[in-house]
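In: here's a sequence, model it:
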Amino acid sequence: ELHEMEFRWEITQLEELLIPIDDDRLLERHERQLLVDAVFPTKCKIRMSDLPSRNSGLSAENPEERAPFVEALRVLLCRWPSVPSTVANSAPLTTLPLSQLEEREAELILFYCQTFWSRAGRAPVLPRRIPPSTA
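Out: Modelled structure (predicted):
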């Protein structure tokens, strides 16, 4: 949960740095927040009522389950400068065959990590999978 919250914060900060919006443009800030929120399976919560019991969103083990969230990430990153043309011009990832989905996903991850590194000077925090239960 902490990795997801940190990832959400970092991607929001990077989005604001790369695509500045004037303070008086409330609608555009709201639209940006909707784009960021679409990348995550749940609303941002500071206090959890239950620990996550399964991997979901970008951490889902099944590529088809990840696809809508990876597509939301693609839509967000397509706004950024220097986005690879293969990412920007891709059909929606939810419509691609598995091999192409995983290829676009890898390109997105590389682009995001390198963009973050060039701006922050360190690797980004990324969502993690829940370790399997030993019980």
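In: the residue nearest to residue 64 when sequence neighbours are not counted: neighbouring residues, count only.
Out: What sits nearest to residue 64 in space, not counting adjacent residues and going by CB to CB, 6 or more residues apart in numbering, is residue 98, at 7.7 Å. Placement of C-beta: from N, CA and C, glycine included. Residue 98 has 10 neighbours, counted by other CB atoms under 10 Å.
In: same check, this time on residue 69
Out: For residue 69, the neighbour count with other CB under 10 Å is 21.
In: which strands and helices sit next to the helix or strand hosting it?
Out: Residue 69 belongs to helix 63-77 when elements are defined using DSSP states H and E. Where contact means 3 or more CB pairs under 8 Å, 6 or more residues apart in numbering; DSSP states H and E, helix 63-77 is packed against helix 26-37, helix 98-120.
In: just the CA coordinates of the next helix or strand after that helix, formatted as CSV?
Out: Using DSSP H and E, the helix or strand that follows helix 63-77 in sequence is helix 85-88. As requested, the backbone C-alpha atoms of helix 85-88 are provided in CSV (Å, rounded to 0.1, in the frame of the first residue of the first chain):
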residue,chain,number,x,y,z
SER,A,85,5.8,6.9,-30.9
THR,A,86,5.0,3.2,-30.4
VAL,A,87,3.3,4.1,-27.2
ALA,A,88,1.6,7.3,-28.4
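In: which secondary element of the protein has the worst mean pLDDT?
Out: helix 26-37 (a mean of 85; mean pLDDT, DSSP states H and E).
In: check which residues of stretch 5-15 are buried.
Out: 7, 8, 10, 11, 12, 14, 15 (16 or more other CB atoms under 10 Å).
In: so what does the fourth one have for phi and psi?
Out: Put plainly, it is residue 11. Here is the backbone geometry of residue 11 (degrees, to the nearest 10): phi -70, psi -40.
In: my guess is it contacts residue 35, does it?
Out: No. The criterion here is CB atoms under 8 Å, and residue 11 misses it with residue 35 at 9.9 Å.
In: nice, that's everything, thank you.
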